[in-house]
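> Provide a 3D model corresponding to the input given below.
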Amino acid sequence: MLARQRQARILDEVRRAGGVRVSELTALLGVSDMTIRRDLDQLATEGSIQKVHGGAVLGHNVTEEPGFEAKSALAQPAKLAIATRAAQLISPGTAVAVSAGTTTWGLGRFVAEIPGLTVVTNSTTVADTISTGETKQTVILTGGVRTPSAALVGPVADATIRSLHVDQLFLGVHGMDARAGFTTPNLAEAETNRALISRAREVIVVADSSKWGTVGLADFGALSVADILITDDGLPNDARAAVSELVGELIIVSYAREESA
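Numbers count the residues shown, from 1 in each chain. Next comes the predicted model:
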């Protein structure tokens, strides 16, 4: 298979699934990971895709909203490390809000084991994860219209959130950028995230380093709205410096990387 034929096949897979892993492409196309990485470099240069740790997603289209399943397959080790660290900030018996997202979904398994929590969430996947735990929890699911990223948004969700107060908000984001702030491709989700931020005493953003430099259609806050930002050690040094000046506290986590990553 010629390089351009292989790259076209890769692009088809990214468009179909919303994102792919290098390991999946090597198995699918029967070539080395170095060959796949060269193909991804070429597609990224052309703007067709965006490289992320361990794979690729569609290129920077501010209105593109990958589905939950596609996003959950990417940067899994980083997201797990971030979720593990975030859970350490939660005290038993408090009220926390957990937004929709794949990193917050990972946080849900830890939340399920912390006793006495009241959990407000606009994510059915997060609510399902928490409900499987043995520890007694009070879960308030906001209701609303479900987006491709499994977020419940709209007037019903916003009204429910604005009637509540929480100690901490754990907030997932589509993108983060020094100028654009925290963003999402979905206008309604941006409004719901603003509502969540307004009702929390402490805002904790959980976002892997691949989100840096990604800008969605709608912003829902400058980086400074985050009291704490938890990300992984893949965040470039210049980005760390920029973030450190704007957020209350930057927490960097490390994790074991796969050899193919």
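> Surely residue 124 touches residue 147?
No. Using Cβ atoms under 8 Å, residue 124 makes no contact with residue 147, being 10.9 Å away. Just so you know, the C-beta spots here come from the backbone N, C-alpha and C atoms, and that holds for glycine as well.
> who has more neighbours, those two?
Per other Cβ atoms under 10 Å, whichever of residue 124 and residue 147 has more neighbours is residue 147, with 22 against 15.
> So which residues of the stretch 101-250 of the chain form strands?
For the stretch 101-250 of the chain, the strands defined by DSSP state E, counting those that start in this stretch occupy 118-121, 138-141, 145-146, 152-153, 166-172, 175-177, 181-184, 200-206, 218-221, 228-232, 249-253.
> Let me have the ones you listed in a markdown table, adding mean neighbour count and mean pLDDT as columns.
Shown next, in a markdown table, are those (neighbours: other Cβ atoms under 10 Å; pLDDT from 0 to 100):
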| stretch | mean neighbour count | mean pLDDT |
| --- | --- | --- |
| strand 118-121 | 23 | 96 |
| strand 138-141 | 16 | 92 |
| strand 145-146 | 16 | 88 |
| strand 152-153 | 24 | 94 |
| strand 166-172 | 24 | 98 |
| strand 175-177 | 22 | 90 |
| strand 181-184 | 24 | 93 |
| strand 200-206 | 21 | 98 |
| strand 218-221 | 20 | 94 |
| strand 228-232 | 24 | 97 |
| strand 249-253 | 16 | 97 |
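> Ok, which of the ones you listed comes nearest residue 53?
When those are compared by Cβ to Cβ, strand 228-232 sits nearest residue 53, at 8.0 Å.
> and the angle for the closest one with strand 200-206?
10 degrees (axes from the mean of the first three to the mean of the last three Cα atoms, to 10 degrees).
> For the stretch 101-250 of the chain, give me the ranges with low pLDDT.
By pLDDT under 70, the stretch 101-250 of the chain contains no weakly predicted segment.
> which stretches of it form helices?
Applying DSSP state H, counting those that start in this stretch to the stretch 101-250 of the chain gives helices spanning 102-111, 124-131, 155-162, 187-198, 237-246.
> Isn't residue 212 up against residue 236?
Yes. The criterion here is Cβ under 8 Å, and residue 212 meets it with residue 236 at 7.2 Å.
> Which of the two has more residues huddled nearby?
Neighbour count, other Cβ under 10 Å: between residue 212 and residue 236, residue 212 has more, with 20 against 11.
> list the contacts for the closest residue to that one other than its chain neighbours?
Of all residues not flanking residue 212 in the chain, residue 239 sits nearest, at 5.0 Å (Cβ to Cβ, 6 or more residues apart in numbering). By Cβ atoms under 8 Å, 6 or more residues apart in numbering, the contact list for residue 239 reads 178, 209, 212-213.
> Pull the most distant pair out of the residues you listed.
178 and 209 (14.1 Å).
> So those two - more neighbours on which side?
A count of neighbours by other Cβ under 10 Å puts residue 209 above the other of residue 178 and residue 209, at 21 against 16.
> which residues does the more buried one contact?
Taking Cβ under 8 Å, 6+ apart, one finds 53, 78, 231-236, 239 in contact with residue 209.
> Ok, residue 51 next?
Applying Cβ under 8 Å, 6+ apart, we find residue 51 in contact with 40-41, 44.
> Mind checking what secondary structure it has?
Per DSSP: H, G, I helix; E, B strand; the rest coil, the local secondary structure of residue 51 is strand.
> Distance-wise, check it relative to residue 45.
10 Å (Cβ to Cβ, to the nearest Å).
> what do you get for residue 103?
28 Å.
> same check, this time on residue 28
In this view, residue 28 and residue 45 are 22 Å apart by Cβ to Cβ.
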